[in-house]
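Q: coords please:
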Amino acid sequence: MLLLPFSHLDGRPCIKVVRIVIIAFLFTRYQPYNIIRIDIRLIKDCPLSQVAFMSVMDIIKSIMPINTEKPVNNSKYETPDIIIKGGTLLTMVDGEAPIENASVHIKGDRVLDIRPAGISPSDEGTEIINADKCIVMPGLVNGHCHTAMTIFRGYADDLSLNEWLYKRIFPAEAAHATPENVYWGALLGCLEMIASGTTSLIDGYFYEDESFRAVHESGMRAILGQGVIDFPAPGVTDPKENLRIGKEFIEKHLHFSGLITPGLFCHSPVTCSDKTLARAMEISMEYSVPMQTHLSETRKEVDKIINRTGKRPALHLNDLGLLNKNLIAAHSVHLDDEEITLLSRKGVKVVHSPESNMKLSSGVARVTDMIDAGIKPGIGTDGCASNNNLDLFKEMDTAAKLGKVFTSDPSNLKAGTVLRMATIWGAGVMGLGDQTGTIERGKKADIIVVDTRSPNMTPLYNPVSSLVYSASGSDVKDVVVNGRILMKDRMFLTLDCKEITARVRAIGREIK
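A: Purely as a prediction, here's the structure:
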């Protein structure tokens, strides 16, 4: 995409106008409707430049055919449903610089146009989101979470994964993970994610019908995996029924919502048998839906699989036929070079969960080595019982800093890379990189507005660095998913915050 910075133009008005004519000719001829790619910051104080540029573009459009793959009707402009006005736009398109004072026009569920804020038709009848002194960016993608586990937030802290899981969480789930509690816990998780700028999530848990109901009510985009484990679990008292229930979950919800994709979540290669894992992937391939699992989260898990099979986990899963583009491998902490290369070659999706890995002392994933091998990992919070929040801004900050201290290299996992993990790469993990993850004409309108007026965001020199190292979820002002406003000026429009928090407090009293 061409970026035309007016800072390169001579300061004398007559020469500037001549160059504007040339640029306008080329731009109109080959890039119709992409005026937003011009850095207009440097012409906004020069009326002569503005008039010349717009006049020349209008003349050229009227007398010359436009070279474009998609015919554009310039005589008719669709009225947008929503306009996000002003601020700094981060499209997250590779190579595109931040754009000042832009307007993002939304029609239906998609981005209709991107224009300078001052160059728009009348917005009468259009809902306006004021993004002045804000950053407008793609919504964040939580690549790995157990949303309903908000009900266990703070219930089992400062424990090893084995003790945390087998002595605290599994017994608590057996006693308290009822359909009703899962529903309200998932609603609270959606509320927390919306409040902190997450627009899409990848979730796996039990009673996933209830999580589906909650996510659908919230308006978020999601992949939801019915939990599969080879011992009695909430909603599946007989483990022999786990895949039947999982398959029924997929069939029930497969075409219910354009925003939510059902799937399977096999807990891990330690808690699921080889037969269960292989059959789960067969079902996933049959319905063309993702399958999730925890991979090599701790050294103990790796050792168990090596002792049982004689192979490292990723190699063993490959023997079972699991390594393909349908698999989402969460954590992936303890991988060797061969495993990283294999995951990349097979197109396996990987999700990094640094805060949970740190809290449970699971280890540090080799994220940079994965990226160097061609993997584009997403980033996820994991569940609230092992984090204990769902704020992806905090997760990004942790991921970047952990990568630096782990490698003793301050240039490791730069802010821009981590922001891609939480946006376009996260969308890629969902299989939706062509639909969302960037702000572009024709893509789904999954967009958030981050207020930069808070003390922690002041001053602002580099919006990307500030988002990763300074921002928190509480700085998010507005959230749009699929062209629908879920939060405006910090007010929730699809969920009842007061009722949800009251319900989960009551559940917490029962658990305690």
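
Q: Can you show me the strands along the stretch 351-500 of the chain?
A: Ranges of strands within the stretch 351-500 of the chain are 378-379, 447-451, 476-481, 484-488, 491-492, based on DSSP state E, counting those that start in this stretch.

Q: Point out the most buried one among these.
A: Among those, strand 378-379 has the highest mean neighbour count (mean count of other Cβ atoms under 10 Å), at a mean of 29. Every C-beta, even on glycine, is put in place using the N, C-alpha and C of the backbone.

Q: Does it pack against any helices or strands, and if so which?
A: Judged by 3 or more Cβ pairs under 8 Å, 6 or more residues apart in numbering; DSSP states H and E, strand 378-379 is in contact with strand 140-145, strand 349-352, helix 392-407, helix 415-422, helix 424-429.

Q: Pairing partners for it, with directions?
A: Note on strand 378-379: by DSSP bridges, its sheet partners are strand 349-352 (parallel).

Q: measure the residue positioned nearest the centre of the chain to residue 159 for me?
A: The centre of the chain sits closest to residue 141, judged by Cα atoms, centre = their mean, with a distance of 1.3 Å. To residue 159, residue 141 is 29 Å away according to Cβ to Cβ, to the nearest Å.

Q: How about residue 303?
A: Taking Cβ to Cβ, one finds residue 303 at 19 Å from residue 159.

Q: who's more crowded, these two?
A: Taking neighbours as other Cβ atoms under 10 Å, residue 303 and residue 159 compare with residue 159 leading, 16 against 12.

Q: Please name the residues that touch the more buried one.
A: 167, 168, 360 (Cβ atoms under 8 Å, 6 or more residues apart in numbering).

Q: from memory residue 316 sits against residue 305, does it?
A: Yes. Shown here, residue 316 and residue 305 form a contact pair, counting by Cβ atoms under 8 Å, at 5.8 Å.

Q: Between those two, which contacts overlap?
A: Both residue 316 and residue 305 are contacted by residue 269, under the criterion Cβ under 8 Å, 6+ apart.

Q: Helix or strand with the lowest mean pLDDT in the protein?
A: strand 38-39 (a mean of 42; mean pLDDT, DSSP states H and E).

Q: circling back: export the helices and strands packed on strand 378-379 to CSV and tack on mean pLDDT and distance to residue 187?
A: Output for these, formatted as CSV (pLDDT from 0 to 100; distance: least, Cβ to Cβ, whole Å):
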stretch, mean pLDDT, distance to residue 187
strand 140-145, 98, 14
strand 349-352, 98, 23
helix 392-407, 97, 19
helix 415-422, 98, 23
helix 424-429, 98, 22
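
Q: So which of the ones you listed is nearest residue 178?
A: With Cβ to Cβ as the measure, strand 140-145 is the member of the helices and strands packed on strand 378-379 nearest residue 178 (19.8 Å).

Q: Please give me every residue in contact with residue 507.
A: 151, 176, 181, 184, 185.

Q: what's the closest of these to residue 196?
A: Using Cβ to Cβ, residue 185 is the member of those that sits closest to residue 196, with 16.8 Å.

Q: Mind checking what secondary structure that closest one has?
A: Counting by DSSP: H, G, I helix; E, B strand; the rest coil, the backbone at residue 185 sits in helix.

Q: That one - how many residues pack around it?
A: Residue 185: 32 neighbours (other Cβ under 10 Å).

Q: wait, doesn't it sit right on residue 153?
A: No. Using Cβ under 8 Å, residue 185 makes no contact with residue 153, being 9.2 Å away.

Q: Looking at the strands of the stretch 351-500 of the chain, which is nearest to residue 470?
A: strand 447-451 (10.3 Å).

Q: for whichever strand or helix holds residue 306, which positions count as buried?
A: For residue 306, the element it lies in under DSSP states H and E is helix 299-309. Neighbour-count burial for helix 299-309 flags 301, 302, 305, 309 (criterion: 16 or more other Cβ atoms under 10 Å).

Q: Number of residues surrounding residue 174?
A: The tally of other residues near residue 174 (other Cβ under 10 Å) stands at 11.

Q: dump the residue contacts of the residue nearest to it when sequence neighbours are not counted.
A: Beyond its immediate neighbours in the sequence, the residue positioned closest to residue 174 (Cβ to Cβ, 6 or more residues apart in numbering) is residue 234, lying 6.8 Å away. Listed by Cβ under 8 Å, 6+ apart, the contact set of residue 234 reads 173, 174, 177, 178, 182, 206, 207, 227.

Q: repeat that with 7 Å
A: Taking Cβ atoms under 7 Å, 6 or more residues apart in numbering, we find residue 234 in contact with 173, 174, 177, 206, 207.

Q: quick one: low-confidence parts of the stretch 1-150 of the chain?
A: In the predicted model of the stretch 1-150 of the chain, residues 1-77, 118-123 satisfy pLDDT under 70.

Q: mind giving me the domain split of this protein?
A: The chain breaks down by automatic domain parsing into domains covering 1-76, 140-498.

Q: Touching, residue 378 and residue 141? I think so.
A: Yes. Using Cβ atoms under 7 Å, residue 378 is in contact with residue 141, at 6.2 Å.

Q: was I right about residue 334 contacting residue 303?
A: No. Using Cβ under 7 Å, residue 334 is not in contact with residue 303; the gap is 9.4 Å.

Q: quick one: low-confidence parts of the stretch 401-512 of the chain?
A: Checking the stretch 401-512 of the chain against pLDDT under 70 turns up nothing.

Q: re the thing from before, pick the most buried one from the helices and strands packed on strand 378-379.
A: Using mean count of other Cβ under 10 Å, strand 140-145 ranks as the most buried of the helices and strands packed on strand 378-379, with a mean of 30.

Q: after it, next one along is what?
A: helix 161-162.

Q: hmm, who's touching that next one?
A: Contacts for helix 161-162 (Cβ under 7 Å, 6+ apart): 297, 298, 300, 360, 362.

Q: Which positions in the very next helix or strand once past it come out as buried?
A: Note on helix 161-162: by DSSP H and E, the next helix or strand toward the C-terminus is helix 170-176. Across helix 170-176, burial judged by 16+ other Cβ under 10 Å covers 170, 172, 173, 176.

Q: Report the separation between the last one and residue 230.
A: Right, the one you point to is residue 176. Counting by Cβ to Cβ, the gap from residue 176 to residue 230 is 22 Å.

Q: And the first one, by the same measure?
A: Using Cβ to Cβ, residue 170 is found at 13 Å from residue 230.

Q: what does the second one give?
A: Shown here: residue 172 relative to residue 230, a distance of 20 Å by Cβ to Cβ.

Q: go on, residue 490?
A: 44 Å.

Q: Pick out whichever of the two has more residues nearby.
A: Neighbour totals were compared for residue 490 and residue 230, and residue 230 leads with 17 against 12 (other Cβ under 10 Å).

Q: Hmm, that one is touching residue 273, no?
A: Yes. If you go by Cβ under 7 Å, residue 230 and residue 273 touch, sitting 5.3 Å apart.

Q: what's the helix or strand for residue 263?
A: strand 260-266.

Q: Just the mean pLDDT for the helix or strand following that strand, thanks.
A: Next helix or strand after strand 260-266 toward the C-terminus (DSSP H and E): helix 274-287. For helix 274-287, the mean per-residue pLDDT is 98.

Q: And for stretch 318-333?
A: 98.

Q: what's the spacing between it and its chain's center?
A: Taking Cα atoms, centre = their mean, to the nearest Å, one finds stretch 318-333 lying 20 Å from the centre of the chain it belongs to.

Q: on that earlier part again, can you check which of the helices and strands packed on strand 378-379 gets nearest to residue 292?
A: Set against residue 292 and scored by Cβ to Cβ, these come closest in strand 140-145, at 7.7 Å.

Q: What helices and strands are in contact with the helix holding residue 306?
A: Helices and strands touching helix 299-309, by 3 or more Cβ pairs under 7 Å, 6 or more residues apart in numbering; DSSP states H and E, are helix 313-319.

Q: Who are the packing partners of the helix it packs on?
A: Against helix 313-319 (3+ Cβ pairs under 7 Å, 6+ apart) you get helix 299-309, helix 337-346.
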